[in-house]
Structure formats: structure tokens, C-alpha cells
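Undergrad: Sequence and predicted structure below; questions after.
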Amino acid sequence: MRIGVVGAGKVGKLRAESVKSISELELVGVLEQAPELADAAVTGTGALATSDMDAFLGKNPEIVIISTPPHTHRELAEKAFSAGAHVLCEKPLAHSVEDGRAMVDAANKADRRLATGFNFRYYPFVKVVREAVDRGQIGKITHVRAFGGHNGLHNFSAEWQYKMPHSGGGAMMDIGIHITDLARYFLNDIVQVSGVMSETVWNVDGSEDNAMAVFRNPEGVPASYHATWYEWKGYRTWIEVYGDKGMARGAYAPMQSLIITRDETGRTRKKRRFFPEVRVREKLKSWQATALLSFEEELRDFVAKIRHGYDAPLADGHDGLRALEVSEAVRESTRSGQTVHLEPLGRMA
């Protein structure tokens with residue numbers, strides 16, 4: 001399949017590398033406003049490096065991967081759909097619910113696939129938890145706990161990454177959008193949201209630096225959620241899924257997991273993993289090596305979805321849209337002090 005990549009910054013370059021690593025795919029173009037970044041992204045290929053959208057679409061990509069600031073996603077996706085391409089869009093899906101919904105509508109109208117780049121679903125710490133749940137090791141899910149945070153603005157290289165309106169918000173739209181998706185990944189959906197957010201440390205107007213919430217799925221199963229920009233211990237994220245027969249926890253960084261199961265007598269057994277291969281790889285090549293592997297798996301699944309209808313664990317447009325809706329619901333709940341109710345949202349057709 002012919003693949004085009006829009007945006008060749010830190011993440012976009014990795015997206016282009018993921019295309020190059022899959023033999024059945026051909027990188028045909030990179031759209032980027034900075035010529036040196038575009039040229040670097042197409043190194044070793046015959047792909048077009050350009051800043052012109054028409055020239056880029058003229059290469060007839062079958063899939064367009066969007067890795068640009070959130071406020072640009074809608075226009076780029078709509079143009080790609082109009083040209084007949086499927087779209088894999090970096091998280092967050094958009095900088096607003098309105099734009100996210102428009103992207104879903106555009107995909108449906110064009111009868112094209114839309115995927116959201118929630119690549120944490122492909123990280124080993126999440127895979128271990130998913131496997132434990134799917135195998136029934138922890139029994140019926142009773143509740144979920146999800147956390148994501150880092151220590152603030154010095155982690156960002158550009159203002160659009162944390163300032164409104166381009167970012168769409170703060171911690172909830174940054175690391176928190178991954179955490180929202182992971183909570184929903186195990187709840188299957190989120191239809192009730194009650195939360196509080198604040199701007200008390202970094203004081204960036206419109207960009208919350210802390211958000212805490214309780215989500216519920218249609219069956220009433222709850223999840224606790226916390227996204228923050230003042231996790232002073234550094235970058236941390238974890239997901240815990242509890243059941244009536246045990247629990248499964250996955251965490252990063254560093255990568256690790258814990259499965260606890262109980263037998264009929266009530267005795268518990270623990271199984272820990274520390275993923276030394278991941279730690280060594282990141283020591284030698286940085287976190288980008290782990291991200292690249294997840295991008296490759298995600299892209300393979302998107303191709304399989306297009307060709308054969310293969311679904312899990314790929315996140316589609318509805319997954320991206322619901323994450324935006326949940327983030328907005330936390331803001332609304334903060335203002336009103338009330339629980340916000342959302343209509344159930346399943347998978348895209």
C-alpha cells in the first residue's frame with residue numbers, strides 16, 4: 001500500500017520510519033513545512049518531500065498518517081478523505097470535540113477508515129493486562145484505576161503542545177488522552193463522568209495541569225482517572241484492572257507488570273515482569289525505540305483493518321472522539337459540580 005505522512009517532527013519522523021520498516025508498504029510522500037525535516041524523513045526512499053498539499057495528494061497515497069498539531073488535524077483529514085485515502089491520525093484526534101466529530105463524519109461520508117494513534121495499546125505493559133483480562137485470569141472486572149503524569153512544561157519543545165487553542169487543553173489532552181483511552185479500553189465505553197481539574201502550578205490559561213475523575217461504563221463499572229503535569233517523580237503511567245478473582249497492573253516508565261490471582265481457597269499468587277529487553281533497548285536508543293515498535297504494530301493492524309476488517313486492538317475514530325468528549329466532560333463537571341452523561345458510543349462501522 002502507498003503511504004503518505006503529514007508532519008515530520010519528532011513523532012512524524014518515527015511514523016515515516018515505521019512505514020519504511022514494513023516491506024509491503026511504500027512511503028510515497030512526506031508533507032512538511034520545514035524542508036530539512038521533510039528531506040530527513042524521506043532519506044533512503046524515492047518519496048516526495050514537499051510543503052504543497054496538492055503535490056502530496058498527487059502521489060495518490062492510500063493511507064495518510066497525520067502527525068501535526070491537533071488544531072490542524074481536521075482540515076488535513078478532510079482533504080485526505082476527499083482524495084480517497086484512509087487516515088491514521090496522531091492523538092489527540094483533534095483539539096476540540098467539534099473537529100473530532102467532523103472528522104468521523106468525513107470518514108463515514110467518504111466510506112474510508114479513520115484510526116486514532118493510541119499506540120499505548122501496543123505497549124507490552126498494556127498487552128499483559130489485556131491478556132490477563134481476556135483469559136479470565138482476574139475474573140469479572142469490578143473497577144479500573146488509571147494514572148498518567150510528568151513533571152511539567154520543560155518536557156515540551158513547542159508552545160502548541162501545551163497552549164490553547166492549538167493544544168485543545170492541558171494534561172488531559174497530553175498524556176491524559178492516552179489514559180482516558182486506556183480506561184475506556186478496559187471498560188469498553190465511558191458514559192458517566194464526574195471530575196475536577198485545576199490550573200494551579202503552571203498557570204497556563206485554559207490548559208489544566210491536574211485532572212481527577214471517576215468514569216463509569218454502561219454497566220456501572222467505575223474507573224478512577226488522574227492526569228497531571230506535576231508528577232515530580234518524572235514520567236509515569238499505569239493502568240490497573242481489578243476483578244473478583246485478582247488484578248492486573250501495567251506500568252511505564254520503567255516498563256513492568258504485576259498479575260495477582262486468587263484460587264478457591266482465597267490464596268493469592270503474584271507474577272511480576274520487568275521487561276529487561278525494553279529497558280536495555282531504551283538505554284541504548286531512548287524511548288523512541290519502544291514508540292517505533294508500537295507504531296509499526298499499529299500500522300500493520302490498520303492495513304489489516306482496511307484489507308480484511310481486522311479490528312482489535314486498533315483504536316478507531318470513535319475511540320478518539322470519545323476520549324475528546326470525556327475530557328470535555330471533566331471540564332463541564334468541574335464547572336457544574338455535576339455528573340456528565342454521554343450516550344453510548346460503539347465501534348465505527
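TA: That came through fine.
Undergrad: Low-confidence ranges, the stretch 201-349 of the chain, go.
TA: Residues of the stretch 201-349 of the chain meeting the criterion pLDDT under 70: none.
Undergrad: same thing with the stretch 51-200 of the chain?
TA: Going by pLDDT under 70, which is the cut-off in play, the stretch 51-200 of the chain has no low-confidence ranges.
Undergrad: And the strands in it?
TA: Remark: strands assigned in the stretch 51-200 of the chain by DSSP state E, counting those that start in this stretch are 63-66, 86-90, 114-117, 141-149, 192-198.
Undergrad: Which of the residues in stretch 117-137 are classified as buried?
TA: Going by neighbour count (16 or more other Cβ atoms under 10 Å), the buried part of stretch 117-137 is 117-126, 128-130, 132-133, 137. C-beta here means a position set from N, CA and C on the backbone, and glycine is covered the same way.
Undergrad: Repeat that for stretch 215-231.
TA: For stretch 215-231, by 16+ other Cβ under 10 Å, it's 215-217, 221-229, 231.
Undergrad: quick one: which of those sit in helices?
TA: Using DSSP state H, no member of these falls in helices.
Undergrad: residues in contact with stretch 275-291?
TA: Here stretch 275-291 makes contact (Cβ atoms under 8 Å, 6 or more residues apart in numbering) with 10-11, 14, 119, 123-125, 253-257.
Undergrad: Same list, these, but as JSON lines with distance to residue 263 please.
TA: Converted to JSON lines, the contacts of stretch 275-291 look like this (distance: Cβ to Cβ, whole Å):
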{"residue": "10", "distance to residue 263": "47"}
{"residue": "11", "distance to residue 263": "45"}
{"residue": "14", "distance to residue 263": "44"}
{"residue": "119", "distance to residue 263": "36"}
{"residue": "123", "distance to residue 263": "30"}
{"residue": "124", "distance to residue 263": "26"}
{"residue": "125", "distance to residue 263": "25"}
{"residue": "253", "distance to residue 263": "33"}
{"residue": "254", "distance to residue 263": "30"}
{"residue": "255", "distance to residue 263": "28"}
{"residue": "256", "distance to residue 263": "24"}
{"residue": "257", "distance to residue 263": "20"}
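Undergrad: so which of these comes closest to residue 315?
TA: residue 119 (8.7 Å; Cβ to Cβ).
Undergrad: What count of nearby residues applies to the nearest residue to the closest one once chain neighbours are set aside?
TA: Of all residues not flanking residue 119 in the chain, residue 294 sits nearest, at 4.1 Å (Cβ to Cβ, 6 or more residues apart in numbering). Residue neighbour count, defined by other Cβ atoms under 10 Å, stands at 20 for residue 294.
Undergrad: Same question for residue 91.
TA: By other Cβ under 10 Å, 24 other residues sit near residue 91.
Undergrad: chain center to stretch 126-133, what's the gap?
TA: On the basis of Cα atoms, centre = their mean, to the nearest Å, stretch 126-133 sits 17 Å off its chain's mean C-alpha point.
Undergrad: let me redo that: stretch 91-111
TA: With Cα atoms, centre = their mean, you get 15 Å for stretch 91-111.
Undergrad: ok so, going back, okay, the buried residues of stretch 215-231 in JSON lines with distance to residue 202 next?
TA: Below are the buried residues of stretch 215-231 laid out as JSON lines (distance: Cβ to Cβ, whole Å):
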{"residue": "215", "distance to residue 202": "25"}
{"residue": "216", "distance to residue 202": "30"}
{"residue": "217", "distance to residue 202": "32"}
{"residue": "221", "distance to residue 202": "33"}
{"residue": "222", "distance to residue 202": "29"}
{"residue": "223", "distance to residue 202": "26"}
{"residue": "224", "distance to residue 202": "23"}
{"residue": "225", "distance to residue 202": "20"}
{"residue": "226", "distance to residue 202": "17"}
{"residue": "227", "distance to residue 202": "13"}
{"residue": "228", "distance to residue 202": "11"}
{"residue": "229", "distance to residue 202": "6"}
{"residue": "231", "distance to residue 202": "13"}
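Undergrad: Thanks again, I'm all set now.
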